[in-house]
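Student: Give me a 3D structure for the following:
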Amino acid sequence: MLTRWTGVGFKIIVLLFFTLWTIVPIALVVTNSFKKEMDIFTTTPTLWFSPTLTNYFNAFSKGDFSLYFINSTYVAVISSLIAVGFGTFAAYGLTSFRSKWSNTIANGFLLGKLVPAISMLLPLFTLIRLTGFLGTLVGPIVAHAALNLPFIIWLLMGFMRDVPKELNDAATIDGCTKMQVFWKVVVPIILPGIAAASILAMQYSWNELLFSMQLTDMDTYTLPVGISTFVGAISVDWGKSSAAATVTMVPMIIVGFFVQKYIAQGTTSGAVKG
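Tutor: Here you go, the predicted structure:
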């Protein structure tokens, strides 16, 4: 009995630690966004202060934050649609047209996700520059879709392998083609996986900095790049950067809250059943 309670207590301590590890930085950013500059730079952090919306006003009016928000929304949505679209068809091809190379190809896609992203920056930068899309939103869209594609293929293959073969056979006997089986049988069953893949791809694109910084210019900055402009060579505008970061977090938190069951179901099912 003592051993069991010790184990439970240890788990609670670990969970509390990771909860605080996650919540405290977010809480600091949010509170700093409502503080005046003199309150942010106090030696001892102040819990009681007079809140102000000046930082939000300055971020939106003086930092082109509205433009960054629109750019990020456009890049995240389009790159996620491309990655999930191609990834769904690729996963279906690898699972339905079985051959001895299917697993090898699938593992190859997963290895692409394990390669450090920075190693792909120079080749992608060169290709996008040669095609004339450098400094446009096409650059980060292509980069984010390419970086998300291996994981999406691997995730959705796990779902498609779990689709009962009898359903596919029954649809084929009824006269359905491979594509009709895909749209009428496979897609409705793996919708939780598609939802999870879409949200994870969108979250990655929304928060990605490295490729967005190198492939855009001032008119096509995304939110992470726009926030980084508040960091100067000598000082950091903590008020505006905290306000911008807070607004940046809100959309993904709202989306994640409403689709969290799909994310949990998608990631666990796709990993375990695959």
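Student: now the helices for the stretch 151-274 of the chain?
Tutor: With DSSP state H, counting those that start in this stretch, the ranges of helices along the stretch 151-274 of the chain come out as 165-173, 178-181, 187-189, 191-207, 210-215, 223-228, 238-258, 260-273.
Student: looking at those helices, which is closest to residue 123?
Tutor: Closest approach to residue 123 among the helices of the stretch 151-274 of the chain (CB to CB): helix 210-215, 11.6 Å. (Glycine included, C-beta is placed from N, CA and C.)
Student: what packs against the closest one?
Tutor: Contact here means 3 or more CB pairs under 8 Å, 6 or more residues apart in numbering; DSSP states H and E; on that basis helix 210-215 packs against helix 121-130, helix 138-161, helix 223-228.
Student: looking at those, which is buried most?
Tutor: Neighbour counts (mean count of other CB atoms under 10 Å) averaged over each of the helices and strands packed on helix 210-215 peak at helix 138-161, with a mean of 24.
Student: In the chain, where is pLDDT below threshold?
Tutor: Within the chain, the stretches with pLDDT under 70 are 1-5, 43-47, 62-63, 98-100, 112, 232-235, 261-274.
Student: circling back: indicate which one of the helices and strands packed on helix 210-215 is closest to residue 195.
Tutor: Evaluated with CB to CB, those place helix 138-161 nearest to residue 195, the distance being 10.9 Å.
Student: Report the distance from that closest one to the chain centre.
Tutor: 11 Å (CA atoms, centre = their mean, to the nearest Å).
Student: how far off helix 165-173 does that helix point, in degrees?
Tutor: Between helix 138-161 and helix 165-173, the angle comes out at 100 degrees (axes from the mean of the first three to the mean of the last three CA atoms, to 10 degrees).
Student: and helix 138-161 with helix 121-130, angle?
Tutor: Using the same axes, to 10 degrees: helix 138-161 against helix 121-130 is 120 degrees.
Student: tilt between the helix or strand hosting residue 66 and helix 191-207?
Tutor: Counting by DSSP states H and E, the element that carries residue 66 is helix 65-96. Interaxial angle, helix 65-96 versus helix 191-207 (the same axes, to 10 degrees): 140 degrees.
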